[in-house]
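> Just to be clear, the model below is a prediction. Sequence and coordinates:
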Amino acid sequence: MNRLLLLVAGVLLIFAFGATVVSASGVRFLGNARCAPQVTNQTKRIAAGLRVVRMSSRKGSCKSWIAIVGGRTHDIWGSNYNGGLWHSTDNLRTWQLLWQGEPHSIVERALRTASGHMLIEVAEASGQHRIMRSKNRNPRRFKTTFRLPAGSYLHFVNSWGQYSAAGAKPRTIYVGEYGNHPDPVHLWTSTTDGRSFKTVTSFPGRLTTSPDRVRHFHGVFLDPYTNWLWAAIGDNTPEPAIGYSKDGGRTFTWITRGTYPQSRAVGLMFTNGGVYWGTDVPEQPGALYRWDRSSGEITAVLRNVREPYFDARQSRGWLVQFSEISTAENDGYIGDEHVHALLGNRARWRRITTPWVRRPDNKHSKVAPMGLTQPDSNGCFWLSLPNVVGADGVKNLEVCLGRR
């Protein structure tokens, strides 16, 4: 799909906080700037197995809204879409500004590595994207370790991850290339905790005539039951594919390829018996599919879902995948104005309509679940939604999987 237009109209006039220092390298960092958004505790049941427990939809004392770009409980990372990297250790009761990038840059994603260092994806004012690594575990100073090709970037939080995958060195970092026309399309790895990156495999781009051409990576995942590395690749026939690698990403076995809409996915969910995904299809009815580990067969679990499904999370035997509210003019979107969810506990799956609705004055802007954190031991995680009713720019939500 085209790059998401997730910035809220009129919310790009963002203010910097605190005293700014410019280092010899030109990279800027800040002191102990803090702010407190308005956070409310609640227990709102969306459906059996899914509930909201905390919500931050007002800026409070923060001069701008801050969207979540990755992390886990008590280690949540945010961006104000003007180069600021924010950190919360208290479930968003407060944000602390740890680093400030160049003017008009954006911190798109944040990943804590096994060593405790931080990796961030930064979009520069020119549109170039780069990966930066903190110089120590206290992420106030960063060094660029990889510049992505012009026009390339990451898609969602699952576009990268640090995994001990079968056939690879432990704790290898994987980065899947996203963009409109990369050629070739790369899967990069780092075995140095993000200090350097190299290509582990690549595919012909969509502008080639190769029958094996692809458009870009949607996500890379670790199968917790086999330690295989999985990939979801977009977009249109013959490009989309879903498959696994037993050799650390050097080669892939595709369980579905070139079959639209079945082969087009963004998020994958894993059980001991199979792999599930909702299709990333805005312009026609899609489905929730299941690949059976024993037989290799693919079956439709739910049909006639009318929205594209993106990032997913699973915990405590429950699995959930959230949809995007797209636009008819850009994607031929046939869905409604709600974010939906595919929710299951293996035995039963349902399509859920959430209470999160696109703002009527922003119908030309998309709404997608962003920055999903990793679930904690209670099955709870955070996500951000832009352009929804009742929010100052973005709504940050903590949701929990499983019955209480």
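On my side now, so go ahead. Since the model is a prediction, treat every value here as computed from it, not as a measurement. Residues are numbered from 1 along each chain as shown.
> what number of residues lie near Val367?
Val367 is flanked by 25 other residues according to other Cβ atoms under 10 Å. Using the backbone N, CA and C atoms, a C-beta is placed for each residue, glycine as well.
> Ignore what I typed, I meant Thr40.
The burial metric for Thr40, expressed as a neighbour count using other Cβ under 10 Å, is 9.
> pretty sure it contacts Val52?
No. Applying Cβ atoms under 8 Å, one finds Thr40 not in contact with Val52, separated by 10.0 Å.
> does Gly70 have beta-bridge partners, and which?
Beta-bridge partners recorded for Gly70 (DSSP bridges): Trp77.
> Confirm for me that it is in contact with Glu108.
No. With contacts defined as Cβ under 8 Å, Gly70 does not count as touching Glu108, sitting 9.5 Å away.
> So for those two, which residue has more residues nearby?
The residue with the greater number of neighbours, taking Gly70 and Glu108 and applying other Cβ under 10 Å, is Gly70; the counts read 27 against 23.
> residues contacting the residue nearest to Gly243 when sequence neighbours are not counted?
Of all residues beyond its chain neighbours, the one nearest Gly243 is Trp254 (3.7 Å), with distances taken as Cβ to Cβ, 6 or more residues apart in numbering. Residues touching Trp254, when contacts are defined by Cβ atoms under 8 Å, 6 or more residues apart in numbering, comprise Ala241, Ile242, Gly243.
> CSV please, covering these and showing neighbour count.
CSV is the format used below for the contacts of Trp254 (neighbours: other Cβ atoms under 10 Å):
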residue, neighbour count
Ala241, 23
Ile242, 26
Gly243, 19
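> from what I can see Val122 touches Gln128, true?
No. Val122 sits out of contact with Gln128 when judged by Cβ under 8 Å, with a separation of 9.1 Å.
> Looking at those two now, which is surrounded by more residues?
In this view Val122 and Gln128 are compared by other Cβ under 10 Å, and Val122 has more residues nearby, 23 against 16.
> Provide the strand pairings for whichever strand or helix holds that one, with the direction of each partner.
Secondary structure assignment for Val122, by DSSP states H and E: strand 118-123. In the sheet, strand 118-123 lines up against strand 106-112 (antiparallel), strand 129-134 (antiparallel) (DSSP bridges).
> what comes into contact with that strand?
Applying Cβ under 8 Å, 6+ apart, the external contacts of strand 118-123 come out as 77, 83, 85, 101, 105-113, 129-134, 139, 142, 153-154, 160, 173, 194.
> show me where the stretch 1-150 of the chain has helices.
For the stretch 1-150 of the chain, applying DSSP state H, counting those that start in this stretch gives no helices.
> quick one: the strands in it?
With DSSP state E, counting those that start in this stretch as the definition, the stretch 1-150 of the chain shows strands at residue ranges 20-22, 28-30, 33-35, 38-47, 50-58, 67-72, 75-79, 84-88, 95-100, 106-112, 118-123, 129-134, 142-147.
> picking up where we left off before, drop anything exposed from the contacts of strand 118-123.
77, 83, 85, 101, 105-113, 129-134, 139, 142, 153-154, 160, 173, 194 (16 or more other Cβ atoms under 10 Å).
> Got phi/psi on Arg364?
If you look again at residue 364, you'll see it is His, not Arg. phi -90, psi 0 (degrees, to the nearest 10).
> which residues touch Leu222?
Contacts for Leu222 were tallied using Cβ under 8 Å, 6+ apart; they are Gly161, Tyr163, Ser164, Ala165, Trp228, Leu229, Trp230.
> Just confirm the fifth one contacts Tyr163, I think it does.
Just to be clear, that refers to Trp228. No. In this structure Trp228 lies outside contact range of Tyr163 using Cβ under 8 Å: 9.9 Å.
> Give me the below-cutoff pLDDT ranges for this protein.
Of all residues in the chain, those with pLDDT under 70 make up the ranges 1-32.
> From Arg348, how far out is the residue lying closest to Gly179 once chain neighbours are set aside?
Closest residue to Gly179 in three dimensions, ignoring its sequence neighbours and counting by Cβ to Cβ, 6+ apart: Ser152, at 4.0 Å. For Ser152, the distance to Arg348 under the criterion Cβ to Cβ, to the nearest Å works out to 40 Å.
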